[in-house]
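1. okay, structure incoming, though there's no sequence with it:
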C-alpha cells in the first residue's frame, strides 16, 4: 500500500484532535478506513512516522547516506 500526503495530513489531524480532547475513532488511509477504539496518541504517532517515511521516499526527498571506511594506514 502506498501512502499519500493526504493520508499523512489525515493522521496529523487525528493526532491534533486527540491531543485537544477529541476522541478519534477512525482514520482514512489510502482509501482504507482504520478504526481505533480507543485511539491513543502513541499509536497515531507510530503510524504517522511510518506514513511520513514512505511519503518522503516516494517523493524522493530522502537521500540515503553512504560512508566510506578508511581502512588502515595510507601508503
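-> Nice, I can see it. What you are looking at is a predicted structure, and each value in this text was computed from that prediction instead of being measured.
2. which strands and helices sit next to the longest helix along the chain?
-> Assignment by DSSP state H gives helix 41-59 as the longest helix of the chain. Where contact means 3 or more C-beta pairs under 8 Å, 6 or more residues apart in numbering; DSSP states H and E, helix 41-59 is packed against helix 5-19, strand 26-29. Where C-beta positions appear, they are placed from N, C-alpha and C, glycine not excepted.
3. helices and strands of this structure: which one bottoms out on pLDDT?
-> In the chain, no helix or strand scores lower on mean pLDDT, DSSP states H and E than strand 26-29, which sits at a mean of 82.
4. now the next helix or strand after that strand: buried residues?
-> Counting by DSSP states H and E, the element after strand 26-29 in chain order, helix or strand, is strand 32-35. By neighbour count on 16 or more other C-beta atoms under 10 Å, the buried set for strand 32-35 is residue 34.
5. and for strand 32-35, what's in contact with it?
-> With contact meaning C-beta atoms under 8 Å, 6 or more residues apart in numbering, strand 32-35 is reached by 1, 25, 26, 27, 28, 47.
6. those: which two are farthest apart?
-> Maximum pairwise distance among the contacts of strand 32-35 (C-beta to C-beta): 20.9 Å, between 1 and 25.
7. so these two - more neighbours on which side?
-> residue 25 (12 against 9; other C-beta atoms under 10 Å).
8. correct me, but the more buried one touches residue 17?
-> No - counting by C-beta atoms under 8 Å, residue 25 stays clear of residue 17, with 10.5 Å between them.
9. so, low pLDDT: which residues of this structure?
-> Along the chain, segments meeting pLDDT under 70 span 1, 24, 36-37, 62-75.
10. try it again at 90.
-> Applying pLDDT under 90 to the chain flags residues 1-4, 14-15, 17-41, 43, 55-75.
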